[in-house]
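Enquirer: Sharing a model prediction with you, sequence too.
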Amino acid sequence: MGKNTKIKYFLKNKLTNSFIGTLKSRFDVKEEKKEFSTKYYMKSECEGVTVTIERYNLDSNYEAAILKQVGETSEGMLYSIPNAKIIQMMYCIAGTCAITKGNKKIYTLKKGDILICNLSSENVREYNLKSKDSKKVMIFLDMDKLESDILDSSVDKKILSNWERKVFDIFENDIFCYGKSNSQIDILISQLENMKITNMNEYFQFKMRITQLLFMILEIQIGSLEDIMISDSEVTEKIKEILKQYSIEKMPHVREICKIMGLSNYQLQRAFRNIEGISVSRYIQKKKMEYAKMLIETTNTNILDIAIEIGYENPSKFSIAFKKNFGILPNKYRKKSKNSSNAE
């Protein structure tokens, strides 16, 4: 791009402070400026890990990086960028990656797996990304900057707002969205891996493929009902059948149901909401509350034990949720229920 480049990389500044800043706090970093990219060489003697990142600034609203890691990291490189609507896509080319929270493994990524993360959520910091001998393509998209850039064009604002809502709908129940690759994505990744950028033509080809990859991944995750071969009612019934196989205290997370059914979070939630009028997570909570109500009515089990049985370790949160569902606190409901039984 040369010395006369006029593009102001707002996204670059945000990522340098967060993404690269996080890495610099853990590794010895050497930086090499290239004509079309910046390459970072990182090494941690104590962990026995080396990392190289080649970072390409493609536009004011998105950029890409290819990361290669030799060795295993015990702590992750996750970070948040609050007050900015930035999403990160990660495609695992080789090796393994695991997203953990405490001692619990949330996602495992292997070759061909894709993970999208909402970096604007401060909850990202509660998670770790552990990697071993991995290679990843990462794409960062600044939705705020994309919106302002597009609004300068002739695109209708309502169309843009509707698309943006669909993008963030995939994070309705989780700050992560897990997906699988397909043959088209695999071909694009292979092309990107083997590209050498030495002139403007190659730079624009690389940029075109990254743009195609970015929106192809989003389209798969957002999905469209035309692409789903089963109806909303069939999806909804299948979800209910899956939930019937679990006891109340072991109800699966929405992301587990997505994996079982082979649907994106957006496809699953949209189909279920169209039939039931509520999200899948809300439906699961209602089932738990109905079960708790039944126990309060028919047993002498302690309220605290009932709360724990349906997944509430904090009894005050259980009481608030119970009142939200039934308009009365659980201990008062028990008294009312007993009084009704005695009167009969």
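Expert: In hand now; what should we look at?
Enquirer: where exactly do the strands run in the chain?
Expert: 28-33, 38-44, 49-57, 62-70, 86-101, 104-109, 113-118, 128-142, 176-180 (DSSP state E).
Enquirer: Give me the sheet partners of the third one and which way each runs.
Expert: Meaning strand 49-57. strand 38-44 (antiparallel), strand 62-70 (antiparallel) (DSSP bridges).
Enquirer: contact partners of that strand?
Expert: With contacts defined as C-beta atoms under 8 Å, 6 or more residues apart in numbering, strand 49-57 is touched by 7, 9, 11-12, 23, 27, 36-44, 63-73, 197, 206-207, 210. In short, each C-beta sits where N, CA and C put it, glycine included.
Enquirer: Of these, keep whichever come out buried.
Expert: 9, 11-12, 23, 27, 36-38, 40, 42-43, 63-69, 73, 197, 206-207, 210 (16 or more other C-beta atoms under 10 Å).
Enquirer: Leu295 contacts Ile306, doesn't it?
Expert: Yes - between Leu295 and Ile306 a contact is recorded at 5.0 Å, counting by C-beta atoms under 8 Å.
Enquirer: Settle it for me: which of these two has more neighbours?
Expert: Ile306 (22 against 18; other C-beta atoms under 10 Å).
Enquirer: With Met289 as the reference, measure out to the more buried one.
Expert: Ile306 sits 11 Å away from Met289, going by C-beta to C-beta, to the nearest Å.
Enquirer: residue boundaries of the helices in this structure?
Expert: Remark: helices assigned in the chain by DSSP state H are 10-15, 21-24, 143-151, 157-169, 183-193, 200-222, 232-244, 254-261, 265-276, 280-298, 303-309, 315-326, 330-343.
Enquirer: list the buried ones in stretch 278-285?
Expert: Applying 16+ other C-beta under 10 Å to stretch 278-285 flags 279-281, 283-285 as buried.
Enquirer: I meant to write stretch 177-188 there.
Expert: Buried residues in stretch 177-188 (16+ other C-beta under 10 Å): 177-179, 181, 185, 188.
Enquirer: repeat for stretch 47-56
Expert: 49-56.
Enquirer: would you turn those into a markdown table with distance to Ser131?
Expert: Below are these laid out as a markdown table (distance: C-beta to C-beta, whole Å):
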| residue | distance to Ser131 |
| --- | --- |
| Val49 | 9 |
| Thr50 | 12 |
| Val51 | 9 |
| Thr52 | 13 |
| Ile53 | 13 |
| Glu54 | 17 |
| Arg55 | 17 |
| Tyr56 | 21 |
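Enquirer: what's the farthest-apart pair in the residues you listed?
Expert: Farthest pair in the buried residues of stretch 47-56 (C-beta to C-beta) is Val49 and Tyr56. Separation: 23.0 Å.
Enquirer: Would you mind finding the most buried of the helices of the chain?
Expert: Each of the helices of the chain was assessed for mean neighbour count using mean count of other C-beta atoms under 10 Å. The highest is helix 265-276, with a mean of 21.
Enquirer: contacts for stretch 87-96?
Expert: Stretch 87-96 is touched from outside by 69, 97, 108-120, 131-141, 143, 167, 181, 185, 189, 193, 213-214, 217, with contacts defined as C-beta under 8 Å, 6+ apart.
Enquirer: Out of the residues you listed, which end up buried?
Expert: Judged by 16+ other C-beta under 10 Å, buried ones among the contacts of stretch 87-96: 69, 97, 109, 113-120, 131, 134-141, 143, 167, 181, 185, 189, 213-214, 217.
Enquirer: and the gap between Gln88 and Ser340?
Expert: 54 Å.
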